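> Kindly return the folded structure for what I paste below:
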Amino acid sequence: MMKVLYLTNPLRCGTGGDRRSFEVLRRISSQGIEPVIVVDEFVYRKMKQDGNLQLSAKQKIYSLKRPNVIYNQLFKTFSRAALDYYSIAKTAKQIAQIAKQEKVDLIVSHHEKIDFLLEAYHAAKQCTLPWTCIFQSFLFPPYASMPWRRLNASRKAYLFALYGPLYAQVLKAMQSTTMLAVSSSIEVDMKRYFSGWRGRMIVLHPGVAVQNQRIQAAEPSKERVDAVFFSRLVPEKGIYDLPEIATLLVNEKTDLRFLVLGKFDSLGMKANYENLVKNHNLSKNLVYGGYLEGEALFSVVKAAKVMVYPSLHDAFPLVVLESLAAGTPVVAYDVPAIRLNFPADLVRTVPVGDYKLMAIEAQKIIADKHLREALSQKALAFASDFSWNHVVEAERKAYDDVLGVKLH
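I've put the predicted structure just below:
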């Protein structure tokens, strides 16, 4: 039996990464792993509220309260940076104490967040233990221009000066072990944004999965849904692109019913999105249906003729795999996460930002029943190969590789 300390957010209704961690930790004991689960205090409260504190038959769970500081109203960014540096050092010490007390064999950060990654690294150094981090998404440098947030030169320089030393630690940490990733697109993006990175990364196959039986058991909703989008409702997932695409679809089909599902990350994002919908006169066509999960969600997705997914950045999007498992065709932007993980004849792709072509591809599927049925059969066959048991087996096998790498 191997004892592994996990620094994680195993939330059933969280992000894709949170959901993956939840599914893996539910099954990891079947692979001879005794998990020691370390979560933040607020995550612990959420797990307790959802009745998910007991993930594994043999587990221990620790709740950590992270350090805090009083923000200076004039220097919020400086204060945030100070908190990051201080919190990482302080929390790593707490994690090291737990690792020593539990006599673990390996420390795993189940998320690629800077604080999680560095806390796992520094805790491992203090205990002289092997460690790794599972990249479930790509970690953008703070000074990188992103499709949804452009930064001027002075702002880039400012952020580099503030957080550069922290990212230097990240690069050093990643070179000290074998990193794990759920998608080959993560390594592509890593080399793109960190040109000096020469670390070792194992891509897990499969890296993610879906609950195929649960999805298949759901009955399609009787409500008419021409198109659907479901995800975290944030700019990088393309929520501000949806009104542009929907406008073009409405030009071809005036009674279009396009359903948007999920949670907005902030009230500001929700207000921005609602203003775009209003300005495009789409209140009757582009309908926000709130947050759904489980059978209620899959029922709507099964009823949809197409999933429109204009995400600007991803690793291995669970929502796309869930759509395919529901037999719903997908049209998406041609980003590495889509191109490298899904067959070209299965998920239709268009250049990033090409609203017109995305609308054309989506309309083809909406209007052609025979095309939908052909794509649906291919989708069901593809998704059937993705099992959470296989994900856990792949992750457990990768641990053996990590244990052969000494920390330096």
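
> How is this protein divided into domains?
2-209+388-403, 212-383 (automatic domain parsing).

> Tell me the helices and strands packed up against the helix ranked longest in the chain.
For the chain, the longest helix by residue count, based on DSSP state H, is helix 76-102. Under the contact definition 3 or more CB pairs under 8 Å, 6 or more residues apart in numbering; DSSP states H and E, helix 76-102 sits against strand 2-7, strand 33-40, strand 60-64, helix 114-127, helix 153-174. From N, CA and C alone the C-beta is placed, and that goes for glycine too.

> Going by contacts, tell me the helices and strands next to whichever helix or strand residue 349 is part of.
Residue 349 belongs to strand 347-350 when elements are defined using DSSP states H and E. Counting by 3+ CB pairs under 8 Å, 6+ apart, the packing neighbours recorded for strand 347-350 are strand 330-333, helix 336-339, helix 355-367.

> Of those, which stretch is the most buried?
strand 330-333 (a mean of 24; mean count of other CB atoms under 10 Å).

> Off-centre distance for that one?
Centroid displacement of strand 330-333 relative to its chain, using CA atoms, centre = their mean, to the nearest Å, is 17 Å.

> do stretch 86-100 as well
25 Å.

> Equivalent analysis for stretch 28-41, please.
Using CA atoms, centre = their mean, the offset of stretch 28-41 from its chain centre is 20 Å.

> swap in stretch 295-303?
21 Å.

> buried sites along that stretch?
297, 298, 299, 300, 301, 302, 303 (16 or more other CB atoms under 10 Å).

> okay, the second one: pLDDT?
The reference is to residue 298. Turning to residue 298, the model gives it a pLDDT of 96.

> Then the last one?
Model confidence at residue 303, given as pLDDT, is 97.

> what's the answer for residue 382, then?
pLDDT recorded at residue 382 is 95.

> And it, how far from residue 120?
The gap separating residue 382 from residue 120 is 34 Å, by CB to CB, to the nearest Å.

> Just give the number of residues close to residue 231.
Using other CB atoms under 10 Å, the number of residues around residue 231 comes to 23.

> hang on, isn't it packed against residue 311?
Yes: under the criterion of CB atoms under 8 Å, residue 231 makes contact with residue 311 at 7.1 Å.

> Find residues that contact each of the two.
Shared contacts of residue 231 and residue 311 (CB atoms under 8 Å, 6 or more residues apart in numbering): 237, 317.

> Just give the closest residue to residue 185, not the sequence neighbours.
Once flanking residues are discounted, residue 185 sits nearest to residue 336: 3.7 Å by CB to CB, 6 or more residues apart in numbering.
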